[in-house]
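Student: starting from these lines, generate the structure:
(chains A, B, C and D)
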Protein chains: 2
Amino acid sequence: MQSITIGKLAKNVGIGAGALRYYEQLGLLPPAQRTASGYRVYGAAAATRLRFIRRAQALGFSLEEVAELLALSDNPRARARDVKRVTQAKIADIAQRIDALERMKQGLATLEANCSGHGHTGECPILAALNQENS
Amino acid sequence: MQSITIGKLAKNVGIGAGALRYYEQLGLLPPAQRTASGYRVYGAAAATRLRFIRRAQALGFSLEEVAELLALSDNPRARARDVKRVTQAKIADIAQRIDALERMKQGLATLEANCSGHGHTGECPILAALNQENS
DNA sequence: CTTGACCCTATACCTTACTGTAAGGTTTAA
DNA sequence: TTAAACCTTACAGTAAGGTATAGGGTCAAG
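Tutor: Here you go, the predicted model:
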């Protein structure tokens, strides 16, 4: 089995070596084996695990949630249902954030549509709306 | 003119007193007048300005962007066009964030749809996808 | 005249996901 | 053999928007 140092692994997966130490500290990666002089040494499994982490992050999972997914993945007695539950919760969370952003965007678009873009800010309907007492 | 202390103003607008000092430090609020003993004293304008800040925040503006809007609002020579520009930039920014979240949600929904929710995690298609080498 | 509720400043801490730095040990290429 | 290029730990710093705390002064009620 070929084993590599932290810098090479980091380069392979496109991440900083510091991030790997950080993941180990958080428990996302198991403590690496060490050489006699204390260098971390990684096998092929580490790169696979790191790519899992990066893909899950790209899907919007926080590192804490990634840790939960990894724990389920590591446990052969864990249930597919649990993974599905975490995924569904994340979908709901993302949907909520989308809704909130849509509302913001709608509110801004309404203000923007009323603004001619001419004249001084004294007649600006956007600022007028922000200054309105109702809310 | 009735003037109130920081705690009452904070309560009126539903915000912490510490946040008000923080806003003053950032320049969002002008330095408050002080009593002989050093207490901050606020008039009616402060509450108006704070509500402006809170509404703008609720629309997704960062405090830095709020500061920009307030500077435009404060300057009688500023142009409505500039306010419109800031608003349009924010709309574009929010639209981008929505798109990114939509892509995440779609990715997760696809994974979730393939998962029966039965059995052990060894057969879980969500974990399998996260472990896939392509990406 | 004392107690409690305020207020002041300055500093530290919180979250998340890292990056950067210091001070030092190791390994590799010339 | 020596210099570059690694590696180690521990700690500090980043963004953003605050909150919490320490240590002190002030104000109103009883």
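
Student: tell me where chain A has helices.
Tutor: Under the criterion DSSP state H, chain A contains helices at A:6-13, A:17-26, A:44-58, A:63-74, A:80-113, A:125-131.

Student: what is the burial count for the residue of chain A found nearest DNA strand C?
Tutor: With Cβ to the nearest atom of the strand, the shortest gap between chain A and DNA strand C falls at A:Gly16, namely 2.9 Å. Backbone N, C-alpha and C define where each C-beta goes, glycine included. Close neighbours of A:Gly16, defined as other Cβ atoms under 10 Å in any protein chain shown, add up to 12.

Student: ok, now A:Arg34?
Tutor: 10.

Student: now A:Cys115
Tutor: Neighbours of A:Cys115 (other Cβ under 10 Å): 21.

Student: how about low-confidence regions in chain A?
Tutor: Along chain A, segments meeting pLDDT under 70 span A:1, A:131-135.

Student: which parts of it sit against DNA strand C?
Tutor: Within reach of DNA strand C by Cβ under 7 Å from any atom of the strand, chain A has these residues: A:15-16, A:18-19, A:22, A:35-39, A:57, A:62-64.

Student: assess the claim that A:Cys124 and A:Cys115 are in contact.
Tutor: Yes. The pair A:Cys124 / A:Cys115 is scored as a contact, 6.3 Å apart, by Cβ atoms under 8 Å.

Student: so what's in contact with the two at the same time?
Tutor: Common neighbours of A:Cys124 and A:Cys115 (criterion: Cβ atoms under 8 Å, 6 or more residues apart in numbering or on different chains): B:80, B:83-84.

Student: of those residues, which is the nearest to A:Ile98?
Tutor: The nearest member of these to A:Ile98, counting by Cβ to Cβ, is B:Lys84 at 25.3 Å.

Student: and that closest one, how many neighbours does it have?
Tutor: If we define neighbours as other Cβ under 10 Å, then B:Lys84 has 20 of them.

Student: do the one 3 residues further on as well
Tutor: Using other Cβ under 10 Å, B:Thr87 has 23 neighbouring residues.

Student: phi, psi for the residue lying farthest from the centre of chain A please.
Tutor: The centre of chain A is farthest from one residue, A:Gly119, which by Cα atoms, centre = their mean lies 43.2 Å away. The phi/psi pair for A:Gly119 (degrees, to the nearest 10) reads phi 80, psi -170.

Student: pretty sure it contacts B:Arg79?
Tutor: Yes. Counting by Cβ under 8 Å, B:Arg79 is a contact partner of A:Gly119 at 7.4 Å.
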